[in-house]
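S.K.: next come a sequence and a model predicted from it.
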Amino acid sequence: MRLAAIPFAAFALSLGFVFSQANPSQEIKSMNVKRITPVLLVKEIEPLIPFWVDRLGFTKTIEVPDGNKLGFVAFQKGAVEVMYQTYSSVEKDAPSSMSAGAGKGPTYLYMEVDNFDAVLAAMKDVKIVMPVRTAFYGMKEFAVQDPGGHFITFAQPVPVPHN
């Protein structure tokens, strides 16, 4: 029997290869993402605690020491969660291939809120890096820089004027 006469799939199966007919889009549809939580890297965590707890009303849910300081912390309010980890903690925890890629630049968070004025009042003496504005896409927003150097935009939907 000549090899060319055997269909490729039959030949591959005879060698033990298995072909999957799975549809990738079906696999994606069956996957349920339960939550996504940003982990922001900072030099130190302690200055962030009053920012998230006292100003924004989050609860500190996880606290992991790293020597005499904190190496990791999680803040939560309802279903919203944000985590912070120190650069030094990442360098100790993560494989070098991962920690080497951990850039030390700022991250940008966009947070939709239900009481814009209350958040603005809570940020009265925080560095505002984008003044209050109403964007063309119908969001009233402003941005601050947190004590770790990351940028957070707070936004609330507003009616969009029709022209």
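M.R.: It's in. None of these values were measured; they are calculated from a predicted model.

S.K.: only C-alpha atoms for contact and neighbour calcs from this point on.
M.R.: OK.

S.K.: skip the chain neighbours and tell me the closest residue to the residue nearest the centre of the chain.
M.R.: Centroid-nearest residue in the chain: residue 38, 2.4 Å away (criterion: C-alpha atoms, centre = their mean). Nearest residue to residue 38 in three dimensions, chain neighbours excluded: residue 82, at 5.5 Å (C-alpha to C-alpha, 6 or more residues apart in numbering).

S.K.: hang on, the earlier thing: I'd assumed residue 83 was in contact with the residue nearest to the centre of the chain.
M.R.: Yes. If you go by C-alpha atoms under 8 Å, residue 38 and residue 83 touch, sitting 6.1 Å apart.

S.K.: just to revisit the earlier point, per-residue pLDDT of the residue nearest to the centre of the chain, please?
M.R.: Looking at residue 38, its pLDDT reads 93.

S.K.: give the contact list for it.
M.R.: Applying C-alpha atoms under 8 Å, 6 or more residues apart in numbering, we find residue 38 in contact with 81-83.

S.K.: for the host helix or strand of residue 110, which outside residues touch it?
M.R.: If you go by DSSP states H and E, residue 110 is part of strand 108-112. Strand 108-112 has contacts (C-alpha under 8 Å, 6+ apart) with 150-157.

S.K.: now swap in stretch 128-147 and tell me
M.R.: With contacts defined as C-alpha under 8 Å, 6+ apart, stretch 128-147 is touched by 47-48, 51, 116, 123, 126-127, 151-160.

S.K.: from the residues you listed, keep the buried residues only.
M.R.: 48, 51, 116, 123, 151-157 (16 or more other C-alpha atoms under 10 Å).
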